[in-house]
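Trainee: could you look at this predicted model? Sequence included:
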Amino acid sequence: MAEVTTDTPKPAEKPRLISEADVTKYKTAGDIVNDVMKKLIELCVEGAKIIDLCIEGDKFIEEGTGGVYNKAVKGVKMSKGLAFPTSISVNNTVSHFSPLASDPLSAQTLAKGDVVKVHIGAHIDGFAAISAETIVVGASEQEPVTGRKADVIKAAWHAAEIAMRLVKVGNRNFTVTDAVAKTAAAWDCKPVEGMLSCQQSQNVIDGKKRIILNPNETQKRDTESIIFAEDEVYGIDILISSGEDGKARIEDSRTTIYQKDSSVTYQLKMKNSRAVFSEVQKKAGAFPFNVRALEDEKRARLGLQEAVQHGLIKPYEVVYTPANTFVAAFHFTIALVPAGPLLLTHPPVWYKPELVKAEKELEDDELKGLLSKSLRESKKNKKKAKEAEGNADDA
């Protein structure tokens, strides 16, 4: 009589929150951002006008995204383009500096020795890769960056590398907050107060799960403690100041970057406001935009006032740390896929230890241990860890 065998049913596969096709779109956007970053950094030379760099960066992103995913699906063309307008923020300017031709600061040029943050983003079908890095104009291996400029850049890059290793399934957001602060302290620097890194998903770069840097008591109380989970994507923004407390304030720069807030509904009263809001929805969708991208700058500024007042549109304000301080930034986009953390953006184009010579180094053994680990554990290491756990249980 034939032996009866019963096949054990395979456990049902857990549905993925992001598909492989989505990850490919994120990575394609990341490749475009890396290509544009290379071009922009080459253009960041003494005498270059910041407004020209911002216009070029946006043009490069549009060209890059325009060359991919052009086949219509069921007659519908895929949305793609800027996920964050190019901003070039110098020295103690924290971020979001992208002037209009009519702005008093539009004539600003780069000078030798300037600490320059380049911030750009692209999206394919709403899946955004955003990146920022810091360079120093005119620095070379023969003339490396030294002093407080070197301290703040080293602190920011090491903090970014620590954050990459701590944004993983099962960890908490405040673990990252504390480790970034501890890393920055090694170079007598501080994270910029209240800066946020957010969860991302399709057409969302400012999701509800967040990491806050250097929060004051109110910010700490208002920031929810969260646990990172599988298949989540995060845009991690590390901003470090050479100042004593990391505090930043608004000065005389005009805000030029805005974003529609999808969670707010309000019926705009003024005809011009409605026309401008409609143009924003059509041109930028859910992503931040520069007023420069709208048809009539003067009309747009007036139309945005009502929308901002009622929370339909939120401003990305330009803030500054005190004079004679420097801010360095690194921004990366990371996916927590089942095989382990996956960087969707590329490592920095400019930064390498030979260019940045600080006198201090990271001394903390725990943080140094984290840095020595690769971003994603190899299967061999995972197997060893499991075996070790098993042996510990048996003992």
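Mentor: Nice, I can see it.
Trainee: ok, which stretches of the stretch 51-200 of the chain are strands?
Mentor: 80-90, 115-124, 127-136, 190-191, 196-200 (DSSP state E, counting those that start in this stretch).
Trainee: any chance of the ones you listed in CSV, plus mean neighbour count and distance to residue 242?
Mentor: Placement of C-beta: from N, CA and C, glycine included. Supplementary listing: the strands of the stretch 51-200 of the chain in CSV, determined by neighbours: other C-beta atoms under 10 Å; distance: least, C-beta to C-beta, whole Å:
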stretch, mean neighbour count, distance to residue 242
strand 80-90, 25, 14
strand 115-124, 27, 9
strand 127-136, 27, 12
strand 190-191, 24, 8
strand 196-200, 21, 21
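Trainee: as TSV, those strands with distance to residue 50 and mean pLDDT would be great.
Mentor: Formatted as TSV, the entries for those read as follows, by distance: least, C-beta to C-beta, whole Å; pLDDT from 0 to 100:
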stretch	distance to residue 50	mean pLDDT
strand 80-90	5	98
strand 115-124	9	98
strand 127-136	13	98
strand 190-191	25	98
strand 196-200	24	97
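Trainee: who wins for proximity to residue 355 among these?
Mentor: Closest to residue 355 of the strands of the stretch 51-200 of the chain, according to C-beta to C-beta: strand 127-136, at 7.6 Å.
Trainee: quick one: the helices in the stretch 101-250 of the chain?
Mentor: Listed in chain order, the helices found in the stretch 101-250 of the chain under DSSP state H, counting those that start in this stretch are 147-166, 173-185, 217-222.
Trainee: re the thing from before, I'd like the strands of the stretch 51-200 of the chain as TSV, with distance to residue 293 appended.
Mentor: Below are those laid out as TSV (distance: least, C-beta to C-beta, whole Å):
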stretch	distance to residue 293
strand 80-90	7
strand 115-124	14
strand 127-136	16
strand 190-191	31
strand 196-200	21
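Trainee: the host helix or strand of residue 26 vs strand 115-124, what angle?
Mentor: Using DSSP states H and E, the secondary-structure element containing residue 26 is helix 20-43. Relative orientation of helix 20-43 versus strand 115-124 (axes from the mean of the first three to the mean of the last three C-alpha atoms, to 10 degrees): 150 degrees.
Trainee: returning to that earlier point: figure out which of the helices of the stretch 101-250 of the chain is closest to residue 27.
Mentor: Go through the helices of the stretch 101-250 of the chain one by one with C-beta to C-beta and the one that ends up closest to residue 27 is helix 147-166, at 16.2 Å.
Trainee: what residues of that closest one count as buried?
Mentor: Of the residues in helix 147-166, those scored as buried under the neighbour-count criterion (16 or more other C-beta atoms under 10 Å) are 148-166.
Trainee: again, but for stretch 55-73
Mentor: By neighbour count, with 16+ other C-beta under 10 Å as the criterion, the buried positions of stretch 55-73 are 55, 56, 57, 58, 60, 61, 62, 64, 65, 69.
Trainee: ok, back up a step: nearest to residue 372, of the helices of the stretch 101-250 of the chain?
Mentor: Each of the helices of the stretch 101-250 of the chain was checked against residue 372 via C-beta to C-beta, and the shortest separation belongs to helix 147-166, namely 9.8 Å.
Trainee: number of residues surrounding residue 177?
Mentor: Using other C-beta atoms under 10 Å, residue 177 is surrounded by 21 other residues.
Trainee: before we move on, what about the one 3 residues further on?
Mentor: When counting by other C-beta under 10 Å, one arrives at 30 neighbours for residue 180.
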